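Asks: Have a look at this prediction, sequence included:
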Amino acid sequence: MHAIKISRLKFWPTTFWVLVGLGLFSMVVRFTQGLGGATNLTDEFPWGLWIGFDVLCGVGLAAGGFVVAASVHIFNLHQYRSILRPAIVTAFLGYILVIVGLMFDLGRPWNIWHPIVLYWNPHSVMFEVGWCVILYTTVLALEFSPMVFERLNLERPQKILHTVTIPLVIIGVLLSSLHQSSLGSLYLIVPNKLYPLWYSSNLPYLFFVTAVAVGPAMVIIESFFSSRTFRREIELPILSKLGKVTAASLAVYLVLKIEDIIDMKLYDYVFAINFESAMYWAEILFGVITPIALFSITKIRQTKNGLFAAALFTAFGFVLNRLNISLTALQQYSPGYFPSWMEVSITLMIVAIGFAAFWLAAKHLPVFPPQETRATASPQAQEKDTVAFIDLPLEPVRDQHQLIPSE
Amino acid sequence: MQYGILIDTTKCVGCYACEQACSERWGFPTDNEIHELSSIKNTAMKTVNETYVPRMCMHCQDPTCASVCPVGAFQKTAEGPVVYDADKCIGCRYCMQACPFDVPRYQWHSLNPKVTKCDMCRDRILQGQKPACVESCPAEARVFGPLDEIIKEAKKRVAEQPGVYHGKIYGVKEAGGTSVIYLAAKPFGELGLRMNLPEHPLPDLTWAVMQKIPNYVFWGGTLLGGIWWITNRRKEVQALERKLRSMQENSNNHQQ
């Protein structure tokens, strides 16, 4: 029994260091032999796994930050407060890792500041994405910083930040909706290259809706993991409600996809028997229809495992969709790309660092509401504690009115 | 003055003189094995279906590369060439991903990689010379001149020799028109030229979305601010009402 426990404890650190080791090796190759030395990219296939996963998926999987921030601050849905901070941390780390991933993929990463400072091209979607990502990462840093200030007991910066919370969140939502959709707009200009099942003039909307769907799913997944790691109770009722957001967004997505089939008369492509249609159906069946079904059935949604499974299907479908658009949909136009092991290892290293950074943040910063008090307190006091933990230093007067019922 | 190049594949003899001249002009090593556009070949004489097809940048009227580049490293110049400025480039390779003619190539093994593509020898054009490939062609398969005259010449050839040409001109309408025009004896699809391109410039597709952004930011910001104002006001009123109620209850208790 004892031995098993130790090996379980060693499993994750070992995995982490193996992935980081392999990634570092590939990194050395990437920066000494060039992109050609480390990747399978070619003139015919210039965007591979790093754009498809590290950037397209990375940005999307971090969408929970703006979805939950908007729910809490703009729509004043305070029941989501307890998951706001984990969502912000995920988003902030996600965006930093996207930028890190980009440093590997860019041929001249030291020029990454060019589109921000020196050379502008407002006609370029990439220019817009670059600006939004930089600005939104700044917003996320500001939304993240209260956790650090709180930890260091610095009250003044917290107060200053609190006064700008609402404008900050509004700007964050605008920036997010812009670049989440713009990642889809990147592909608007290649109607002749993308396989018809994935090209659509609705690409920006499709990308946005799927980001809104996967954001909450990622919050669910990460709550599930952290509840196990830190032995916390999972916020099941809140997360179940969040699951409905995902189901609704996926339903909108499904309607848009059906609209595409009818508008562009894609019946032959949909029912063809080939690699593309198989990938398409995998995406629609497992990544869209299955999670809609799981999230819609109350009995499944309200169990821990059911909710987790539904969220996993959503994330899987999302990743499959982005990889389908960036890799599968181009196979007919220029066949033959498959990521090299070094591309995969760098992606895995970035993912591993993401997990480790989240673990560190959760361990050392006030990311999750403390639970010792919650377990013993009455339901009303529970809510008070949760909110007070996040808000008390920021919003003492108003919250007292709101939350302390009658005395 | 907008210049252009007419490539008459019926005249090309497949001697690779254009490739050679181009390599010399760019200072690229000579490669007589692979006749494809590459980071050391800005023009290539390909043999497709027993036809010699010289390939190079099409120098679009509304270039996709110039539209997608986040730093504006590509520019359509007044003389016709689309030129690339490596100093601006961040290496995102969106130009390669987006080019409808698959022209830009990359120095994959360089640590300071550049995109490579034909610039129609703009420096030579500015000095009143012809591009190196045109000048080197012994068969007059490449004709350089003002774009409108080039197109006129192409139409004239097609009209006068219907037996030689298959009747269509490639490059006048493709992707909104280019500065490189092709003539051939066979349908262009059989020569490996992309046939599924729209007649409008591809950047229109992005611009249709991009131009909505300022409006979106304004209305989106207003809407979000408005929603916040309403929900926040509701919250405040609820809190106040609750306080009022508790005060009343308190005073009732006192009276009793």
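Replies: Right, received. Where do you want to start?

Asks: Give the helix, strand or coil label for the residue of chain A found nearest chain B.
Replies: Residue of chain A nearest chain B, by CB to the nearest CB: residue A:107 (2.3 Å). For every residue, glycine as well, the C-beta is placed using N, CA and C. The three-state assignment at residue A:107 reads coil, by DSSP: H, G, I helix; E, B strand; the rest coil.

Asks: in the chain, which ranges drop under the pLDDT threshold?
Replies: If you meant another chain, say so; for now it's chain A. Applying pLDDT under 70 to chain A flags residues A:1-9, A:371-407.

Asks: wait, chain B
Replies: Residues of chain B that meet the cut-off, pLDDT under 70, sit at B:256.

Asks: Strands along the stretch 1-150 of chain B, start to end?
Replies: B:3-8, B:43-48, B:51-56, B:74-76, B:82-84, B:105-106, B:115-116, B:142-146 (DSSP state E, counting those that start in this stretch).

Asks: thinking again about what came up before, and the residue of chain A closest to chain B, what does it touch?
Replies: Neighbouring residues of residue A:107 by CB atoms under 8 Å, 6 or more residues apart in numbering or on different chains: A:35, B:89, B:90, B:91, B:92, B:93, B:106, B:113.

Asks: Which single one of those residues is nearest to residue B:56?
Replies: residue B:106 (16.7 Å; CB to CB).

Asks: Contacts only, for the closest one.
Replies: Here residue B:106 is in contact with A:35, A:43, A:46, A:107, B:39, B:93, B:96, B:113, B:114, B:115, B:116 (criterion: CB under 8 Å, 6+ apart).

Asks: Recalculate using a threshold of 10 Å.
Replies: A:34-36, A:41-43, A:46, A:107, B:38-39, B:91, B:93, B:95-96, B:113-116 (CB atoms under 10 Å, 6 or more residues apart in numbering or on different chains).

Asks: now, which of the residues you listed lie within helices?
Replies: Mapping the contacts of residue B:106 onto helices (DSSP state H) picks out A:35, A:36, B:95, B:96.

Asks: The nearest residue to the last one once chain neighbours are set aside: neighbouring residues, count only.
Replies: What it means is residue B:96. Among residues not flanking residue B:96 along the chain, residue A:46 sits closest, at 4.0 Å (CB to CB, 6 or more residues apart in numbering or on different chains). If you count neighbours by other CB atoms under 10 Å in any protein chain shown, residue A:46 ends up with 26.

Asks: host element of residue 251?
Replies: You didn't say which chain, so I picked chain A. Assessed by DSSP states H and E, residue A:251 sits inside helix A:236-263.

Asks: nope, chain B
Replies: Assigned by DSSP H and E, residue B:251 falls in helix B:213-255.

Asks: Tell me if that helix is near chain A.
Replies: Yes. Using CB under 10 Å from any CB of the partner chain, we find that helix B:213-255 touches chain A at B:213, B:216-218, B:220-236, B:238-240, B:242-243, B:245-247, B:249-250.

Asks: Mind checking which of these are buried?
Replies: B:213, B:220, B:224, B:228, B:231, B:239, B:242 (16 or more other CB atoms under 10 Å in any protein chain shown).

Asks: Same list, these, but as TSV with distance to residue A:337 please.
Replies: Converted to TSV, these look like this (distance: CB to CB, whole Å):
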residue	distance to residue A:337
B:213	32
B:220	37
B:224	40
B:228	46
B:231	48
B:239	58
B:242	62
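
Asks: Name the residue of chain B that lies nearest to chain A.
Replies: For chain B, CB to the nearest CB, closest residue to chain A: residue B:91, 2.3 Å.

Asks: so who does that residue touch?
Replies: A:35, A:105-112, B:73, B:106-107, B:110, B:112-115.

Asks: 6 Å instead, please
Replies: A:106, A:107, A:108, B:113 (CB atoms under 6 Å, 6 or more residues apart in numbering or on different chains).

Asks: Give me the buried entries from the residues you listed.
Replies: Of the contacts of residue B:91, these count as buried by 16+ other CB under 10 Å: A:106, A:107, A:108, B:113.
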